[in-house]
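Chemist: sequence and computational prediction follow.
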Amino acid sequence: MKKILFVCAGNTCRSPMAEAVAKNIIKEKDIKNIRVSSAGISANPMQHVSVNAKKALKLAGINFVHKARLLNEAMIRQNDIVLTMTAEQKAAYCKFPNVFSVKEFTGLNDILDPYGKDLKVYIETLNEIKKAVNIVIEKIEKQNSY
């Protein structure tokens, strides 16, 4: 069983969208050996997914309910792969060998924060996240097939 943790700043936009997309792919492909979750470096555990993140997901056919989680070392240690949305976020956790930026793991660009922007930006961000998550799941499936 591979456990993946997606990480962003507040755990209300990018990382929960990544978690939702990954869960959707895992369900559609009936993948049994991957589990995903998300957390935020400076998350407020009382916050829910941002309104525009929720709207973007819904437009993509994904319903997702989520409350922000604050990242801690135990979460990092409990997951096989921790993916931060930017290289800057990864730098804070570089002492952990299982922490990678999305760019580093997938070869794509950092996923920039859409917080406070309009729905169009959230949809663009979600599309970037979909590409990245598909690559992540493909890589893990290949690793697990050996």
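Modeler: Ah, there it is. Numbering: from 1, shown residues only.
Chemist: and the longest helix anywhere in the chain, which residues are buried?
Modeler: If you go by DSSP state H, the chain has its longest helix at helix 119-144. If you call a residue buried by 16 or more other CB atoms under 10 Å, then helix 119-144 has these buried ones: 121-123, 125-126, 128-130, 132-133, 136-137, 140. In this view, the C-beta of every residue, glycine as well, is placed from N, C-alpha and C.
Chemist: can you redo these as JSON lines with pLDDT and distance to residue 23?
Modeler: Shown next, in JSON lines, are the buried residues of helix 119-144 (pLDDT from 0 to 100; distance: CB to CB, whole Å):
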{"residue": "121", "pLDDT": "98", "distance to residue 23": "23"}
{"residue": "122", "pLDDT": "98", "distance to residue 23": "18"}
{"residue": "123", "pLDDT": "98", "distance to residue 23": "19"}
{"residue": "125", "pLDDT": "98", "distance to residue 23": "17"}
{"residue": "126", "pLDDT": "98", "distance to residue 23": "14"}
{"residue": "128", "pLDDT": "98", "distance to residue 23": "18"}
{"residue": "129", "pLDDT": "98", "distance to residue 23": "12"}
{"residue": "130", "pLDDT": "98", "distance to residue 23": "13"}
{"residue": "132", "pLDDT": "98", "distance to residue 23": "15"}
{"residue": "133", "pLDDT": "98", "distance to residue 23": "10"}
{"residue": "136", "pLDDT": "98", "distance to residue 23": "13"}
{"residue": "137", "pLDDT": "97", "distance to residue 23": "11"}
{"residue": "140", "pLDDT": "95", "distance to residue 23": "14"}
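Chemist: now render the residues you listed as a markdown table, adding distance to residue 45.
Modeler: Shown next, in a markdown table, are the buried residues of helix 119-144 (distance: CB to CB, whole Å):
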| residue | distance to residue 45 |
| --- | --- |
| 121 | 25 |
| 122 | 22 |
| 123 | 27 |
| 125 | 23 |
| 126 | 23 |
| 128 | 26 |
| 129 | 22 |
| 130 | 27 |
| 132 | 25 |
| 133 | 24 |
| 136 | 25 |
| 137 | 27 |
| 140 | 28 |
